[in-house]
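> sequence below, structure please.
(3 chains, ligands or ions: 2)
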Amino acid sequence: MLEARGVTVRFGGLVAVDRLDLEVPDTGIFALVGPNGAGKTTLINALSRVCSIASGSVRVNGTDVLELLPHQVVSAGVARSFQRAELFPTLTVLENLLVGLHSEMTTGLEGALMTPSTRRQEKAARVRAERLLRELNLWELRDFSPADLPYGHQKLLDVARALISEPKLLLLDEPFAGLTEAETPRLLACIAGAGRRCAVLMIEHHFELLEGIAERVTVMNFGRKIAEGSPSGVRRDPEVLRCYLGTGRHGQAETAAC
Amino acid sequence: MPRYAVTVPVVIIAAVLPLVLQLIGERQVYWLFVVSEFFVFAIVAISLDLLMGRTGQISLGHSGFVAVGAYTAAILNARFGVDLLGGAFAGGSLAAIASLFLGVPATRLRGHYLGIVTLGFGIAVDQIALKWDALTGGDQGLHLHRPTLLGLDVGTPVLMYYVALIALIVATLLVWSLTRTRLGRAFAAVKDSEIAAAAMGVPVASTKVVAFVCSAFLAGAAGGIYAFLAGFVAPEDFGIDSSLLFFAMVVIGGMGSIPGAIGGAIIVDAIKNAAATVSGLSLAILGGMIVLVVLFFPGGLKALLRRHAAKRTTLDRTRNATVPLDA
Amino acid sequence: MTQYLLQISLAGLAQGSLYALTALGLVVIYNASTVVNFAHGAMGMAATYVAYVLISQLHVPVPLAFVGAIAAAFILGAVVQALLLERLNGAPILTQVVVTLGLFMFLEGVLGLAFGYNPRPMAPPIAIAPVTVAGLVLRPQDIVQLALLVALGVALAALFGATKLGLGMRAITENTYAARLMGIPVGRVLGTAWGLGVLLAAVAAILAAPTTSVTPNMMDTIVVYGFIAAILGGFGSLVGAVVGGLILGVIVNMIDAFLAPELAMSIVFGLLVLVLYVRPDGLFGRKAVQKV
Ligand SMILES: Nc1ncnc2c1ncn2[C@@H]1O[C@H](COP(=O)(O)OP(=O)(O)O)[C@@H](O)[C@H]1O
Ligand SMILES: [Mg+2]
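Ligands and ions are numbered 1, 2, ... in the order given. A predicted model of the protein is given here:
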């Protein structure tokens, strides 16, 4: 599904991602771990065209992603979530999900006239969004602004908004960071479900979480891939242990995020 | 529209107001004009709110678009006898074309450029209207024929009142529908997070331009209606001062809300009319109100009213808000 | 003819120095706080009223009155930052811009209420007759304006290039949050930037006052040209603001002399839109980098 070769991203003199290769098959969950500032978010930004790439190539399902503009990436089957849930507080929870269907819908200015085709599209989109909201147990909150939701619900909504377009490649930036113990299982189930239908590339620090679901873990440090393998295997890798030493076991103290 | 409990009585009151004025009998024509004029201003406020409140883009020259619409309608009417509907539509279209020309470079850039460019546009329209007197009548202004609408004579104050009221209702419904469909959601998405909007497939730059063009079309159409309502257009009706009034309507009413824009238009129009005799007074009051609203009542009038209404429902809301994820 | 052109260009440079000073102030404020200060001209105008009251009502000596007005401008800028902008920390930029617009309306309205809209005269700071050098008429006022622009420009460059204030400002522009963590007194640095920016607007307004007279809207035209000069200069570059202002002054004077003075703003505005099509980041601007 994803085939990235020699991806390099620079910010001025800083090389945030350094000649990184990454391959992801059609389905399954693949994790990206690494200490703070390793370049994980930047990699996801590069794959979703938020950052421009200095060199390298990225293909998704055969499409050259680098040819696309940022807003065209979702039509190529790539959807993403954000480290700090970038939701739309002006809109309701339900409407946030509908924005996730933007590129599948076609209504433009004629929406002001509520033409029959507009109504049809809106109805269909709403049915899909409502189904997903019920699945995620967010149904009661559909008319709230996401700004009024607890953080865990916001993260869940952020993932749901990416999921609703039924992407082929789902990029998740620390979906579990900031969730409480009680909130974690539902999101986990949701992501596991997605992993059966499409490829999920997820940044996540908790090896405990990854053990059960991730097929493969890629470890990054200073922009480079330093290890790759099964969750339990990577965990015992000496180089991985070394780079985690001192950052805390899970390296979760994110402050300066991309 | 939802909340029929509010909108239906408001529309009924507006619809019977001419009868009430008839019964009172005093200065009926004057009051009919004041309220009709307010309806037109409220359309402009709604159009500016679509841009500022909904899309997060600033315009300081909205009266420039109103002027383009008003002059277009006046010229077409005076020379070719175009009726009110045609004048309003042509006025809106020309304003939309002007906004496309401005918006394409200005919205691609940092947000404040549009504010400065529209400010310059408002001044330029004023200067050109004064200078190009062969077309606009210069400082003498331009008179229109008695307004007709689809062959019907609507040249009485009462009929023009209903034309303006219906125009406001139509504008409200159009904008309301737009914000409830795909494009309107994209406007809000662009305002809230450009990066997330793009990731959802929203082309950020062109969405801003579309919002700007929609807003200018409505303002221009309102200008066209205004020309027929006043029967006369002159440059002093559309200076930077009136752009600031529209701006004040949107901020004081509460950005991002149609009822807010209409409420803001009521307040600002009332202050403008009440303080008209003392120069500087309305500017000082409105400027002070804008600062206070931004600092202490970020939602404006809309939020104040809603807070009052919300007191009763908070309880249910909080009960719903804590649905656990793993229920 | 060349003589005439030179004369017009010279007057244009002098006029442009006012746009440049205004633009410099806008850029100083923008660089520190990413807010375009729409109350900029009005704040400079308010400081001019301070000078006016000091001179014509309290009979303070002219130089002292100017110093007082400029000090008042600095304080006004710092106070506005502390009372209004600081409270809106973290609010969308649109909200912060809206508050400066409200302030603009408020200041113009209040000074209109207090002093009326009748223009009040202000004597030029230097009452020397113009001198003729090589056939060019040099007005002392023009020389003072240009000299002040150069002096203030160099002083600003030194201030931002070589002091902790400049470093702090750059750190805040880069990342306000990180700057706070690093122990930079963000509030104080921003207050200073606003004070300095408004000070520059006040210098422009006081210099303009002998020609425009003192009125609540004396700065309206100048500040719009200041905005345009700042955009031409890329909105961020001090050198760009100065060059943009000077070029604009010459252009405006050329329009006044050869085309139609009453269309000057329209023509300049048309040129600005064209420039934005061709060079979106201004004549000298670098591309703005957006943080995710
Ligand atoms: N927009 C940006 N401009 C400059 N530097 C950036 C930007 N985004 C990220 N960086 C830098 O790139 C490096 C990688 O950051 P990031 O990808 O956020 O790391 P991670 O997500 O692995 O914690 C960090 O040093 C960070 O400071
Ligand atoms: Mg990160």
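
> which SSE is the residue in the stretch 51-200 of chain B positioned nearest to ligand 2 in?
Going by C-beta to the ion, ligand 2 is nearest to B:I195 of the stretch 51-200 of chain B, at 13.9 Å. No exception for glycine: its C-beta is placed from N, CA and C like everyone else's. Using DSSP states H and E, B:I195 sits in helix B:194-199.

> same question, B:L60
Applying DSSP H and E, one finds B:L60 in no helix or strand.

> now do the strands in the chain.
Since you didn't name a chain, this refers to chain A. A:2-11, A:14-24, A:28-33, A:55-60, A:63-64, A:78-80, A:169-173, A:199-203, A:216-221, A:224-229 (DSSP state E).

> that answer is for a different chain, and I need it for chain B
Going by DSSP E, chain B shows strands at B:142-143, B:148-149, B:152-153, B:232-233.

> tell me which parts of the stretch 101-250 of chain C are close to chain A?
C:175, C:178 (C-beta under 8 Å from any C-beta of the partner chain).

> picking up where we left off before, ok, and which of the strands of chain A has the densest surroundings?
Comparing the strands of chain A by mean neighbour count (mean count of other C-beta atoms under 10 Å in any protein chain shown), strand A:78-80 ranks first with a mean of 28.

> so does that strand get close to ligand 1?
No: judged by C-beta under 6 Å from any ligand atom, strand A:78-80 and ligand 1 are separated, with a smallest distance of 13.1 Å.

> ok, back up a step: verify the contact between the residue of the stretch 51-200 of chain B closest to ligand 2 and A:R84 for me.
No: look at B:I195 against A:R84 with C-beta atoms under 8 Å: they stay out of range, at 11.0 Å.

> between these two, tell me which one has more neighbours.
Set side by side, B:I195 and A:R84 show more neighbours around B:I195, with 18 against 15, by other C-beta atoms under 10 Å in any protein chain shown.

> picking up where we left off before, distance check, the residue of the stretch 51-200 of chain B closest to ligand 2 against A:T41.
According to C-beta to C-beta, to the nearest Å, B:I195 and A:T41 sit 12 Å apart.

> the closest residue to chain C within the stretch 51-200 of chain A and A:A16: what is the separation?
Nearest residue of the stretch 51-200 of chain A to chain C: A:C51, at 7.3 Å (C-beta to the nearest C-beta). Per C-beta to C-beta, A:C51 is found 8 Å from A:A16.

> now stretch A:138-146: mean pLDDT?
Confidence over stretch A:138-146 (mean pLDDT, whole number) is 93.

> give me the distance from stretch A:59-66 to the chain's centre.
17 Å (C-alpha atoms, centre = their mean, to the nearest Å).

> please disregard the earlier target; I meant stretch A:64-80.
On C-alpha atoms, centre = their mean, the centre of stretch A:64-80 falls 13 Å from the chain's centre.

> first-to-last residue distance for that stretch?
17 Å (C-alpha to C-alpha, to the nearest Å).

> which other residues reach that stretch?
Applying C-beta atoms under 8 Å, 6 or more residues apart in numbering or on different chains, the contact partners of stretch A:64-80 are A:44, A:47-50, A:53, A:57-61, A:63, A:100, A:102-103, A:162-163, A:165, A:167-173, B:197-204.

> for the stretch 101-250 of chain C, which segments count as strands?
C:131-133, C:136-138 (DSSP state E, counting those that start in this stretch).

> so which bits of the last one are buried?
By that I understand strand C:136-138. If you call a residue buried by 16 or more other C-beta atoms under 10 Å in any protein chain shown, then strand C:136-138 has these buried ones: C:L138.

> give me the phi and psi angles of the nearest residue to B:L119 once chain neighbours are set aside.
Leaving aside its sequence neighbours, B:L119 sits nearest to B:L60 (C-beta to C-beta, 6 or more residues apart in numbering or on different chains; 4.2 Å). When quoted as degrees, to the nearest 10, the phi and psi of B:L60 stand at phi -110, psi 10.

> which residues touch B:D237?
So B:D237 contacts B:67, B:70, B:226, B:230 (C-beta under 8 Å, 6+ apart).

> so can I have a markdown table of those showing distance to B:L17 and pLDDT?
Converted to a markdown table, those look like this (distance: C-beta to C-beta, whole Å; pLDDT from 0 to 100):
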| residue | distance to B:L17 | pLDDT |
| --- | --- | --- |
| B:A67 | 28 | 96 |
| B:A70 | 24 | 96 |
| B:Y226 | 19 | 96 |
| B:A230 | 19 | 92 |
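
> average pLDDT across stretch C:36-53?
95.

> how about stretch C:115-128?
82.

> residues in contact with that stretch?
B:279-280, C:48-49, C:51-52, C:55-56, C:62-63, C:66, C:140-141, C:144, C:206-207, C:209-210, C:212-218.

> what does stretch B:204-215 give?
A:70-71, A:108-109, B:47-48, B:50-51, B:54-55, B:57, B:59, B:62, B:65, B:96, B:99-100, B:102-104, B:107-108, B:114, B:178, B:183, B:186-187, B:190, B:194, B:197-198.

> give me that answer again for 7 Å
A:71, B:47-48, B:50-51, B:55, B:57, B:96, B:99-100, B:103-104, B:107-108, B:183, B:186-187, B:190, B:194, B:197-198 (C-beta atoms under 7 Å, 6 or more residues apart in numbering or on different chains).

> next: stretch A:186-194.
Here stretch A:186-194 has contacts from A:29, A:136-137, A:156, A:159, A:163, A:170, A:175-176, A:179, A:200, A:202, A:209, A:213, B:325-326, using C-beta under 7 Å, 6+ apart.

> how far away is B:A73 from B:L142?
10 Å.
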